[in-house]
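Peer 1: sequence below, structure please.
(one chain, ligands or ions: 2)
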Amino acid sequence: MKRAAALFAALVMLITAQSCASSEKTADFFAMDTYMSIKAYGGGDAVERAETLVFELERKLSATDGASEISAVNSAGSAKVSQETAELVTSALSLCELSGGALDISVYPVTRAWGFTTGDYRVPQEAELEELLRLVDYTKVTVSGDTVTLGEGMLIDLGAVAKGYAGDRVTELLRSSGVKSALINLGGNVQCLGRKPDGSRWKIGVQDPSGSGYVGVIEAEDEAVVTSGGYERYFELDGKTYWHIIDPSDGRPADSGIISVTVVGASGLACDGVSTALFVIGKEKASELWRENGGFEVVFVTESGEIIITEGLSGRFTPSGGREVSEVIRRNEN
Ligand code: ADP
Ligand code: MG
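Peer 2: Ligands and ions are numbered 1, 2, ... in the order given. Below is the predicted model of the structure:
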């Protein structure tokens with residue numbers, strides 16, 4: 001009798017495991033200017049709905065799509081937008097403030113001048129940058145009700161936070177559709193829901209910014225793992241590399257000694273904004289910002305190939321290929 005019961009239990013487990021495996025669904029698509037992939041276990045048609053959601057968000061938020069809500073704001077200087085967009089702009093502005101302006105959603109005239117939004121790359125003259133920088137100041141962007149208003153001549157772009165926000169929305173959609181386990185990769189913005197179906201934590205690779213492969217692996221569950229790097233979008237001219245993250249203080253590609261920043265935390269939106277900001281300010285200021293604000297952990301890769309992590313990732317980050325962590329940043333400096 002006991003044996004029969006055990007056999008029966010084993011059979012049930014086998015069937016459940018198989019039905020779990022067979023209900024894996026994936027969607028691979030190109031949106032927000034990058035390759036995306038959503039893999040979920042269970043949830044019916046949730047993956048298809050998630051893909052549709054990402055395209056909807058792109059149409060609403062893309063600064064380069066003339067029909068988007070952000071374009072409406074940019075062309076009129078003030079426009080009524082959906083409540084969702086108004087809230088996202090408000091959240092983005094708080095991240096701009098948190099970063100002391102290293103993240104600035106109004107840097108768009110400058111990124112545009114470099115050609116990063118269109119692919120028509122060029123190096124703007126100093127005088128041109130100076131002129132454009134006068135338009136960059138997120139404190140002159142206001143949200144009142146559902147109306148977003150910009151200062152004279154200003155333009156905004158949510159490119160530094162949109163994928164993180166989309167990741168949050170996709171995670172929510174999957175979760176509310178009954179999905180317990182999913183991996184969402186929106187072009188370097190990874191978000192995981194729950195754990196892997198086998199109960200272990202998701203292993204998220206941190207891409208090697210100066211080659212192929214990974215510098216290490218982060219174990220994560222119910223978290224966003226977001227990387228900003230100079231290797232994602234850049235152009236080369238006369239032997240110099242210019243990448244798409246701009247330091248709003250001088251209008252030039254950020255040159256902080258960091259070539260990739262990976263931020264781990266509960267909110268995709270916050271991780272996305274913070275990763276862009278930390279890339280701009282570099283390791284020292286980034287460490288201060290991390291000490292002053294809880295809720296996220298960081299992996300830095302420096303120009304010289306050093307890997308630096310914040311202490312919350314100790315035991316959760318494993319360097320790959322014989323690499324080592326050169327420094328662990330601690331809450332209490334000593
Ligand atoms: P990616 O979009 O490649 O994942 P990020 O999240 O770091 O990278 O965002 C970079 C994008 O944000 C750029 O393509 C540009 O549109 C915009 N951007 C560049 N520099 C800044 C900045 N300092 N503040 C806000 N947005 C920026
Ligand atoms: Mg970002």
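Peer 1: run through the strands of the stretch 51-200 of the chain in chain order.
Peer 2: Taking DSSP state E, counting those that start in this stretch to define them, one finds strands in the stretch 51-200 of the chain at 78-80, 142-144, 147-149, 181-186, 189-193.
Peer 1: so, low pLDDT: which residues of the stretch 201-334 of the chain?
Peer 2: 334 (pLDDT under 70).
Peer 1: interface residues of the stretch 201-334 of the chain facing ligand 1?
Peer 2: Applying Cβ under 6 Å from any ligand atom, one finds that the stretch 201-334 of the chain approaches ligand 1 through 228, 232, 233, 244, 245, 246, 248, 272, 275, 276, 280. Heads up, the C-betas are built off the backbone N, CA and C, glycines and all.
Peer 1: now the second one, nearest residue through space, not along the chain?
Peer 2: Nearest residue to residue 232, sequence neighbours excluded (Cβ to Cβ, 6 or more residues apart in numbering): residue 188, at 6.3 Å.
Peer 1: quick check on that neighbour: phi, psi?
Peer 2: The phi and psi torsions at residue 188 (degrees, to the nearest 10) take the values phi 90, psi -10.
Peer 1: that one contacts residue 226, doesn't it?
Peer 2: Yes: contact criterion Cβ atoms under 8 Å: residue 188 and residue 226 qualify, at 7.1 Å.
Peer 1: what's the end-to-end length of stretch 144-159?
Peer 2: From its first residue to its last, stretch 144-159 covers 22 Å (Cα to Cα, to the nearest Å).
Peer 1: same check on stretch 59-73?
Peer 2: In stretch 59-73, first residue to last residue: 14 Å (Cα to Cα).
Peer 1: so it, near ligand 1 or not?
Peer 2: No: between stretch 59-73 and ligand 1, judged by Cβ under 6 Å from any ligand atom, nothing touches; the nearest distance is 7.6 Å.
Peer 1: okay, buried residues for that stretch please.
Peer 2: For stretch 59-73, a neighbour-count test (16 or more other Cβ atoms under 10 Å) marks 60, 61, 62, 63, 68, 69, 70, 71, 72, 73 as buried.
Peer 1: and the pLDDT at the last one?
Peer 2: What it means is residue 73. We have a pLDDT of 98 for residue 73.
Peer 1: which SS class is the residue minimising distance to the centre of the chain?
Peer 2: For the chain, the residue whose C-alpha lies nearest the mean C-alpha position (Cα atoms, centre = their mean) is residue 272; its distance is 3.4 Å. Three-state call for residue 272 (DSSP: H, G, I helix; E, B strand; the rest coil): helix.
Peer 1: and residue 263, what is it in contact with?
Peer 2: For residue 263, the contact set (Cβ atoms under 8 Å, 6 or more residues apart in numbering) comprises 224, 225, 226, 227, 271, 272, 274, 275, 278, 296, 297, 298.
Peer 1: how about residue 53?
Peer 2: Residue 53 touches 166, 169, 170, 173, counting by Cβ under 8 Å, 6+ apart.
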